[in-house]
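J.: any chance you can model this:
(2 chains)
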Amino acid sequence: GAVVSQHPSRVICKSGTSVKIECRSLDFQATTMFWYRQFPKQSLMLMATSNEGSKATYEQGVEKDKFLINHASLTLSTLTVTSAHPEDSSFYICSARDPSTGGYSPLHFGNGTRLTVT
Amino acid sequence: GQQLNQSPQSMFIQEGEDVSMNCTSSSIFNTWLWYKQEPGEGPVLLIALYKAGELTSNGRLTAQFGITRKDSFLNISASIPSDVGIYFCAGQGTNAGKSTFGDGTTLTVKP
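T.: Coordinates of the predicted model:
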């Protein structure tokens, strides 16, 4: 089945620094990837849609200058949390669809990145 | 926007018991999905449903796509301790790019 790999799985950084999270589709090409954020005991909240070769589409309330997304190839999207603050601490999860399985194919998720900002 | 109501919020059951959870929506979805998430990991797809009325099984799991396309349920039979986790439903509408997630059902199985 479709495999999505996310790295790193955990990161601790100091307030004011930037952190980059990578999301790769390992056995398929993804023109679109999705970035979610999840707070403890809550559901997944879509942050943005990453589009290969073009600008990401951000959900309402998500600061595009804070959460920089780059989708430079068909298998890699990156999310950079810039000037991180403790309130950015969260679980970030990427996902993608395998387009070869049809237009309504399900999302496959990476294993998530636990970001802790001190 | 589209919202999903997932219930129950949590369940505490004895090993061997059957479990049922469901999701309802005010909007029509073209696809219903059920995921399981364990602590510190991303959600893993359990079952995908593509047609209204569709009933699909995956081992001890059975899910159905409601005939109105506004609801879905997931049943787990003969629960075991490793079924513990958070189960999410998700709906995909006409915008095939986005999925809407329920709030999750936290399942605890007592041996």
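J.: close enough to count as contact, A:S89 and A:T116?
T.: Yes. Judged on Cβ atoms under 8 Å, A:S89 makes contact with A:T116 at a distance of 5.1 Å. Just so you know, the C-beta spots here come from the backbone N, C-alpha and C atoms, and that holds for glycine as well.
J.: need the overlap of contacts for those two.
T.: Common contact partners of A:S89 and A:T116 (Cβ atoms under 8 Å, 6 or more residues apart in numbering or on different chains): none.
J.: near chain A, which residues of chain B show up?
T.: For chain B, the residues found near chain A under the criterion Cβ under 8 Å from any Cβ of the partner chain are B:30-31, B:33, B:35, B:40-45, B:48, B:50, B:88, B:90, B:92, B:96-99, B:101-104, B:106.
J.: got a PyMOL select line for the buried ones in those?
T.: The buried residues among the residues of chain B next to chain A can be selected in PyMOL (16 or more other Cβ atoms under 10 Å in any protein chain shown) with this line:
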select buried, chain B and resi 30+31+33+35+41+42+43+45+48+50+88+90+92+98+99+101+102+103+104+106
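J.: in strands only, show me the residues of chain B next to chain A.
T.: Residues of those located in strands (DSSP state E): B:31, B:33, B:35, B:44-45, B:48, B:88, B:90, B:92, B:99, B:101, B:106.
J.: just the closest of those to A:S73, please.
T.: Relative to A:S73, the closest of those is B:S99; by Cβ to Cβ it sits at 23.3 Å.
J.: which parts of chain A are strands?
T.: Assigned by DSSP E, chain A shows strands spanning A:4-7, A:10-13, A:19-25, A:32-38, A:44-51, A:57-58, A:67-73, A:76-81, A:90-96, A:108-109, A:113-117.
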